[in-house]
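sequence below, structure please.
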Amino acid sequence: MVLFAALLHALWNAVMKGARDRTLTTGLLAVGQGLFGLLLLLISARISLEAVPWLIVSIIIHWGYVFLLNIAYRLGDLSLIYPISRGLAPLLVAVGAQIWVGEVLPLFAWIGIIAISIGISVLSYPVLRGALPVGGVLAAVGVGLTVASYTLVDGIGVRPAGNPVSYIAWVFIGNFTVAMYILPGRLARLRALSGKTIALGLTGGIISGCGYGLVLYAKTLAQLGSGFGTARDIGHICRDDRRPLV
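Model prediction:
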């Protein structure tokens, strides 16, 4: 689930970067995510009130994520922004889960997560030669921080929700607020877009929803830090650590 979600995430980021009007595309992505959330809500049960505060915080953090991602892709190329933001996230989530949730991963899992983070981050090596302005680097780091933040919040909130699908649905329904902020004041620009561009933006939002929904569901089956890799399976091999990973 996590590996397939990673593929979907890369796809919608490519849609975002390749858009001619990234502001409108951001709004269309939010609409697509909201539609995906409404579809999930039709097949899910009620969400537990215990999960609502986490849900609200998650929506607020997603606002920051969308804002920083838009800035980052205006200042730099996908091939530079994506490795920085996504290289930081796995390590930050694992550290955050240990500090705030008390979830301790075995040694081999930490080695795997660190290797993944370094492996992704080194793809942005042209940054060392000035290929990305300082503002772009800061925005990419900010994206990584917000990704880790909403991953931790949602990873915690989805567990007491009673129904993971319902929590996932409301996360994306909340993203309608992004569309409501972006699109109404830009209707003329929206009408000027081709049908293909609009369809691509909406499809990107649905792809994004599917990808993150899979990650959230995976977090109900394993520890938060292992949601970015195969730490759960590695833990079964690490015989010197008998603590359960679920």
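
strands of this structure, residue ranges please.
Assigned by DSSP state E, the strands in the chain number zero.

by mean pLDDT, flag the weakest helix or strand of it.
Across the helices and strands of the chain, mean confidence by mean pLDDT, DSSP states H and E is lowest for helix 231-237: a mean of 31.

what's the burial count for residue 172?
28 (other Cβ atoms under 10 Å). (Each C-beta comes from the backbone N, C-alpha and C, glycine too.)

grab the nearest non-local neighbour of it.
residue 37 (3.2 Å; Cβ to Cβ, 6 or more residues apart in numbering).

local confidence estimate at the residue nearest to residue 181 when sequence neighbours are not counted?
In this structure, residue 181 finds its nearest non-sequential neighbour in residue 27, 8.0 Å apart by Cβ to Cβ, 6+ apart. With respect to pLDDT, residue 27 scores 87.

show me what contacts the residue lying closest to residue 137 once chain neighbours are set aside?
What sits nearest to residue 137 in space, not counting adjacent residues and going by Cβ to Cβ, 6+ apart, is residue 127, at 6.3 Å. Taking Cβ atoms under 8 Å, 6 or more residues apart in numbering as the contact definition, residue 127 lies against 80, 84, 137.

what residues are up against the spatially closest residue to the second one that is not a sequence neighbour?
Which is residue 84. Distance criterion Cβ to Cβ, 6+ apart; nearest residue to residue 84, sequence neighbours excluded, is residue 140 at 3.9 Å. For residue 140, the contacting residues are 72, 76, 80-81, 84-85, 124, 132, by Cβ under 8 Å, 6+ apart.

now with 6 Å?
72, 81, 84-85 (Cβ atoms under 6 Å, 6 or more residues apart in numbering).

which of those residues has the most neighbours?
In terms of neighbours by other Cβ under 10 Å, the contacts of residue 140 top out with residue 72 at 29 neighbours.

which residues are in contact with that residue?
Contacts of residue 72 (Cβ under 6 Å, 6+ apart): 81, 139-140, 143.

same check, this time on residue 187
Per Cβ under 6 Å, 6+ apart, neighbours of residue 187: none.

that one and residue 25: what is the separation?
Using Cβ to Cβ, to the nearest Å, we find residue 187 at a distance of 15 Å from residue 25.

now render the contacts of residue 127 as a markdown table, adding pLDDT and distance to residue 173.
Listed next are the contacts of residue 127 as a markdown table, based on pLDDT from 0 to 100; distance: Cβ to Cβ, whole Å:
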| residue | pLDDT | distance to residue 173 |
| --- | --- | --- |
| 80 | 86 | 33 |
| 84 | 89 | 30 |
| 137 | 90 | 33 |
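
in the protein, where is pLDDT below threshold?
Residues of the chain meeting the criterion pLDDT under 70: 222-246.

rerun at 50
228-246 (pLDDT under 50).

where do the helices sit along it?
In the chain, the helices defined using DSSP state H lie at 2-18, 22-42, 52-75, 78-96, 107-121, 134-157, 164-174, 176-182, 187-192, 195-218, 231-237.

winner for burial among the ones you listed?
Sort those by mean neighbour count, taking mean count of other Cβ atoms under 10 Å, and helix 164-174 sits at the top with a mean of 23.

which elements pack onto that one?
helix 22-42, helix 52-75, helix 195-218 (3 or more Cβ pairs under 6 Å, 6 or more residues apart in numbering; DSSP states H and E).
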